[in-house]
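> Quick one, structure for this:
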Amino acid sequence: MQSWTIWARALAGAGALAMATAGAAQEKEIPRADGYAELERLPDFGGVWNPDWSLLFGANGRRPTEPELTPPAQAKLDAFRKYQEENGVDQSNQVHCIPPGMPGIMRQPYPIEFLFSPGRVTIFTETYSQARRIYTDGRELPEDPDFLFNGNSVGHWEGDTLIVDSIGFSPLVDIAAGIPHSEEMRIQEKIWLEEPDVLRIETTISDPQVLTKPLVQQLAFKRQPDWDIREYVCAENNRLVSEDGGANIDLKLDEEDDPFGPLPED
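Next comes the predicted model:
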């Protein structure tokens, strides 16, 4: 009986200590994430945005422009188009479920979504379920960037316009089909609301080794308040090639050009 009394008193003491500790923790200020006040001053990019190419041909639109290429880049494009013409197949990396990266990821016929958080704007693209992270915390672009599909991006606000600067892109990324980029490629974007439900993005691509002058293009999106971004899993697509149908694509990579090496044998 005496041992039980000692045990009960120990439990009571432990309970009192726990309550005292909890009370002391409540008196201390819990750390809070700062910077959320800034979000109240930013324009509303919320919701899902669907590309609307009809907006590019209106009074405020800019018709798509073709890149003006250096001679080596033009030779590569000519070879790419000749191969397609002779073989009638798609030989792009996307047939192997490799995401297009920037700038192609923003040109896809699928919706996008913005998420604002302190010091960062994140753009989710339904295509390949990709996320672009644009840091608005005042950091500089890296001097020796890793090569990423969507690049290394920093941004700042000029009024209600988001200005984005991106460098450091994967060698698997193309400026456009058949036009590879060099390590000097730089992409600058202006993103703004033209109307409450119309968003525009002006993209300027510079690459002295590939482009004789910067390529300026514009994208336009309409807000779809009732839409959700859906899951996109490229590997689930039917990529069979047969006489009875299926995608007409070239699934055979040249081992010399394939950065991942030869495909595994069955």
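> Quick check: phi and psi at residue 131.
phi -130, psi 130 (degrees, to the nearest 10).
> How about the contacts made by it?
122, 123, 124, 125 (CB atoms under 8 Å, 6 or more residues apart in numbering). Quick note: C-beta positions are derived from backbone N, CA and C, even for glycine.
> how about a cut-off of 6 Å?
The contact partners of residue 131, taken as CB atoms under 6 Å, 6 or more residues apart in numbering, are 122, 124.
> just residue 230 next, same as before
Contacts for residue 230 were tallied using CB under 6 Å, 6+ apart; they are residue 126.
> and if you look at residue 227?
By CB under 6 Å, 6+ apart, the contact list for residue 227 reads residue 48.
> Would you check how far apart it and residue 162 are?
Counting by CB to CB, to the nearest Å, the gap from residue 227 to residue 162 is 21 Å.
> what does residue 103 give?
For residue 103 relative to residue 162 (CB to CB), the value is 16 Å.
> for the stretch 1-150 of the chain, what are the low-confidence residue spans?
Within the stretch 1-150 of the chain, the segments meeting pLDDT under 70 span 1-39, 58-64, 89-91.
> hey, where'd the strands end up in it?
Taking DSSP state E, counting those that start in this stretch to define them, one finds strands in the stretch 1-150 of the chain at 48-51, 112-117, 120-125, 130-135.
> quick one: strands adjacent to the second one?
The reference is to strand 112-117. Applying DSSP bridges to the sheet, strand 112-117 is found paired with strand 48-51 (antiparallel), strand 120-125 (antiparallel).
> Tell me which of those strands lies nearest to residue 145.
For those, proximity to residue 145 was assessed by CB to CB; strand 120-125 is nearest, at 17.2 Å.
> And the closest one, how far out from the chain middle?
The chain centroid and the centroid of strand 120-125 are separated by 7 Å, computed with CA atoms, centre = their mean, to the nearest Å.
> ok, back up a step: could you dump the strands of the stretch 1-150 of the chain into JSON lines and include distance to residue 41?
Conversion of these to JSON lines gives the following (distance: least, CB to CB, whole Å):
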{"stretch": "strand 48-51", "distance to residue 41": "21"}
{"stretch": "strand 112-117", "distance to residue 41": "11"}
{"stretch": "strand 120-125", "distance to residue 41": "14"}
{"stretch": "strand 130-135", "distance to residue 41": "17"}
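> quick one: which of these is nearest residue 198?
Closest of those to residue 198 is strand 48-51, at 9.3 Å (criterion: CB to CB).
> Touching that closest one from outside, list them.
Residues outside strand 48-51 that contact it (CB under 6 Å, 6+ apart) are 111, 112, 113, 199, 221, 222, 223, 224, 227.
> how about TSV for those residues, with distance to residue 54 added?
Output for the contacts of strand 48-51, formatted as TSV (distance: CB to CB, whole Å):
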residue	distance to residue 54
111	16
112	17
113	21
199	14
221	12
222	9
223	15
224	15
227	18
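> re the thing from before, nearest to residue 173 among the strands of the stretch 1-150 of the chain would be which one?
strand 130-135 (12.1 Å).
> mind exporting that closest one as PDB, just the C-alpha atoms?
Extracted C-alpha coordinates of strand 130-135, given in PDB (Å, rounded to 0.1, in the frame of the first residue of the first chain):
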ATOM      1  CA  GLN A 130       5.600  21.200 -62.800                       C
ATOM      2  CA  ALA A 131       6.300  24.000 -60.300                       C
ATOM      3  CA  ARG A 132       8.200  27.200 -61.100                       C
ATOM      4  CA  ARG A 133       9.600  29.000 -58.000                       C
ATOM      5  CA  ILE A 134      10.300  32.700 -58.400                       C
ATOM      6  CA  TYR A 135      12.100  34.200 -55.400                       C
END
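> moving C-terminal of it, what's the next helix or strand?
Sequence-wise, the next helix or strand downstream of strand 130-135 (DSSP states H and E) is strand 152-158.
> Please, where are all the helices along the chain?
Under the criterion DSSP state H, helices of the chain are mapped to 2-27, 36-39, 71-87.
> The residue lying closest to residue 104 once chain neighbours are set aside and residue 94: what is the separation?
Closest residue to residue 104 apart from its sequence neighbours, by CB to CB, 6 or more residues apart in numbering: residue 174 at 6.7 Å. The span separating residue 174 from residue 94 equals 10 Å under the rule CB to CB.
> Cool, thanks, talk later.
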